[in-house]
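In: Here's a sequence, model it:
(4 chains)
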Number of protein chains: 4
Amino acid sequence: MVEIGSRRWVIAEGFIPSRGIEGDRALESHEAFCLLNAGDSPAHLEITLYFADRPPVGPYRATVPAQRTLHLRANDLDDPEPVPRDTDYAVLIQSDAPVVVQHTRLDSRPERFALLSAAAHPVG
Amino acid sequence: MVEIGSRRWVIAEGFIPSRGIEGDRALESHEAFCLLNAGDSPAHLEITLYFADRPPVGPYRATVPAQRTLHLRANDLDDPEPVPRDTDYAVLIQSDAPVVVQHTRLDSRPERFALLSAAAHPVG
Amino acid sequence: MVEIGSRRWVIAEGFIPSRGIEGDRALESHEAFCLLNAGDSPAHLEITLYFADRPPVGPYRATVPAQRTLHLRANDLDDPEPVPRDTDYAVLIQSDAPVVVQHTRLDSRPERFALLSAAAHPVG
Amino acid sequence: MVEIGSRRWVIAEGFIPSRGIEGDRALESHEAFCLLNAGDSPAHLEITLYFADRPPVGPYRATVPAQRTLHLRANDLDDPEPVPRDTDYAVLIQSDAPVVVQHTRLDSRPERFALLSAAAHPVG
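Out: Reported below is the predicted structural model:
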């Protein structure tokens, strides 16, 4: 069986605006790491956040069950600490099973609304 | 002849908003899997959808004729079942001939309008 | 010297809306194929457009001079024929020298404004 | 240790609109090159800008410290010269240590608001 994905992924762009539509979880400003684990074993993730002016923070931990997707909101991460708003960051995701990662931001600043998405970068 | 594309592709981000502009097919909220079959044989697709909290659904079937493109709306899939709205999903596309896949969403929630697109991830 | 790019690229998503802001070339709805030729020889392009329900059209021809970028608007292509609006298409770009390709759409339908961009897919 | 990223990256699409929201740095029209250096040595960058109708300009220089991210705004580059607005350009980033690059534009023309992001293209 071909492996579906890689064990290391990087998202170089990270930024959660503090402003945006409020009171509607679907439309509040957020970033998500969208993962697919198409394999037969759970994928245990270790996520490290990098910043411009201080040491990396992590690992954050999460699990993608076998044959499931997980759209993990960066806004919801809080252990070891919340992701600061209005702050440039980058993300390294390491997994013990192959996964595929896609990155999205919904940005509802100035009471308007924009989306971005990019393929994450598989490593090694 | 070099093969144009791959036989397996993953889109890790899937989400069709239930809200959006109505009465205008071009501008209703939708996601599309855009495929090119640049080869000389038809490409028969088997599409599997993955969810966060239940087993995968599929295969959905479609064909991209030789030398044609197909922009397949996830909104239109209905066999074996429609794609649920407001629900995180991910997609595995398997083809018996090489294709190239790109993913897009048009999101017309809050009576506004945003687009995202990302390269899908080729596998193996 | 490492070659910068590839000689074949695919953009699977193509769609030029007929609607949008008018009278302002910068903001009219358009798609562009953005190319970089970082090498020392001109890159001669042959561009083929694929459709859902009729044979491919092309080649369209263009040249990216050595050490130059070309952001080619699909809206401006007219030989052998203009690119139809409101029509799904896909693109194969073949070059006699290595180039890098990125795809963008500016979509100013409903008097609003959205952008998408995706890495094109290098082949072979 | 697996290297995280590549030493050469291309962004084929570059364009900084002169118009947009003013007086709010976060929302003015801008492009950014988002870099992650996940390694243990600083990454020294040489950035070359390519244009449609004149020779390349550069190198612009910047450093991404070890274990840090840098979201470098093209708007802020000024040595050897500022990046012209309303002008197509492309970017070659060369680094003496592996990095990962992602490209974004925030475009706030017509007092609206759109985002694009794409994976940059790793070379060699």
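
In: CA only for contacts and neighbour counts going forward, please
Out: Noted.

In: what's the residue nearest to the spatial centre of chain A in contact with, if anything?
Out: Centroid-nearest residue in chain A, with C-alpha atoms, centre = their mean: residue A:33, separated by 2.7 Å. Residue A:33 makes contact with A:71, A:72, A:73, A:74, A:101, A:102, A:103, A:104, according to C-alpha atoms under 8 Å, 6 or more residues apart in numbering or on different chains.

In: Could you pick out the residues of chain A near chain C for me?
Out: On the criterion C-alpha under 8 Å from any C-alpha of the partner chain, chain C has as its neighbours in chain A the residues A:114, A:116, A:118.

In: In contact with residue A:51, which residues?
Out: Residue A:51 is in contact with A:88, A:89, A:90, D:68, D:69, D:70, counting by C-alpha under 8 Å, 6+ apart.

In: what do you get if the cut-off is 10 Å, keeping everything else the same?
Out: Listed by C-alpha atoms under 10 Å, 6 or more residues apart in numbering or on different chains, the contact partners of residue A:51 are A:14, A:57, A:87-91, D:36, D:67-71.

In: Report pLDDT for it.
Out: What the model reports for residue A:51 is a pLDDT of 98.

In: picking that back up, list buried members of the contacts of residue A:33 by neighbour count.
Out: Neighbour-count burial within the contacts of residue A:33 applies to A:71, A:72, A:74, A:101, A:102, A:103, A:104; the criterion is 16 or more other C-alpha atoms under 10 Å in any protein chain shown.

In: May I see the residues you listed organised as JSON lines, with distance to chain D added?
Out: Below are those laid out as JSON lines (distance: C-alpha to the nearest C-alpha, whole Å):
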{"residue": "A:71", "distance to chain D": "19"}
{"residue": "A:72", "distance to chain D": "19"}
{"residue": "A:74", "distance to chain D": "17"}
{"residue": "A:101", "distance to chain D": "12"}
{"residue": "A:102", "distance to chain D": "10"}
{"residue": "A:103", "distance to chain D": "10"}
{"residue": "A:104", "distance to chain D": "9"}
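
In: quick revisit: just the contacts of residue A:51: which are in strands?
Out: Secondary-structure check on the contacts of residue A:51 using DSSP state E: residues within strands are A:14, A:57, A:89, A:90, A:91, D:36, D:68, D:69, D:70, D:71.

In: And those, which of them are buried?
Out: Buried positions within those, assessed by neighbour count (16+ other C-alpha under 10 Å), are A:14, A:57, A:89, A:90, A:91, D:36, D:68, D:69, D:70, D:71.

In: Tell me the one of those nearest residue D:23?
Out: residue D:71 (20.2 Å; C-alpha to C-alpha).

In: Isn't the closest one up against residue A:53?
Out: No - look at residue D:71 against residue A:53 with C-alpha atoms under 10 Å: they stay out of range, at 11.5 Å.

In: what touches both of those two?
Out: Common contacts of residue D:71 and residue A:53 (C-alpha under 10 Å, 6+ apart): A:88, A:89.

In: and the spatially closest residue to residue A:41 that is not a sequence neighbour, how far is that from residue C:59?
Out: Nearest in space to residue A:41, with sequence neighbours left out and distances taken as C-alpha to C-alpha, 6 or more residues apart in numbering or on different chains, is residue A:66 at 4.8 Å. Using C-alpha to C-alpha, to the nearest Å, one gets 46 Å for the distance from residue A:66 to residue C:59.

In: in chain A, what spans have low per-residue confidence?
Out: Counting by pLDDT under 70, the low-confidence segments of chain A come to A:1, A:110-113, A:123-124.

In: how about the helices in it?
Out: Secondary structure of chain A (DSSP state H): no helices present.

In: which stretches of it form strands?
Out: Counting by DSSP E, chain A has these strands, from start to end: A:6-14, A:30-37, A:43-51, A:57-64, A:68-73, A:89-107, A:114-119, A:121-122.

In: burial count for residue A:79?
Out: Neighbours of residue A:79 under the rule other C-alpha atoms under 10 Å in any protein chain shown: 12.

In: hang on, it packs against residue A:48?
Out: No - Residue A:79 lies out of contact with residue A:48 (C-alpha under 10 Å); the separation is 11.3 Å.

In: ok so, going back, select, from the buried ones among the ones in strands among the contacts of residue A:51, the two members most distant in space.
Out: Using C-alpha to C-alpha, those reach their maximum pairwise distance at A:57 and D:71, which is 17.7 Å.

In: count of residues packed around the nearest residue to residue A:94 once chain neighbours are set aside?
Out: Ranked by C-alpha to C-alpha, 6+ apart and with sequence neighbours excluded, the top spatial neighbour of residue A:94 is residue A:8, at 4.6 Å. Around residue A:8 sit 25 other residues, with neighbours defined as other C-alpha under 10 Å.
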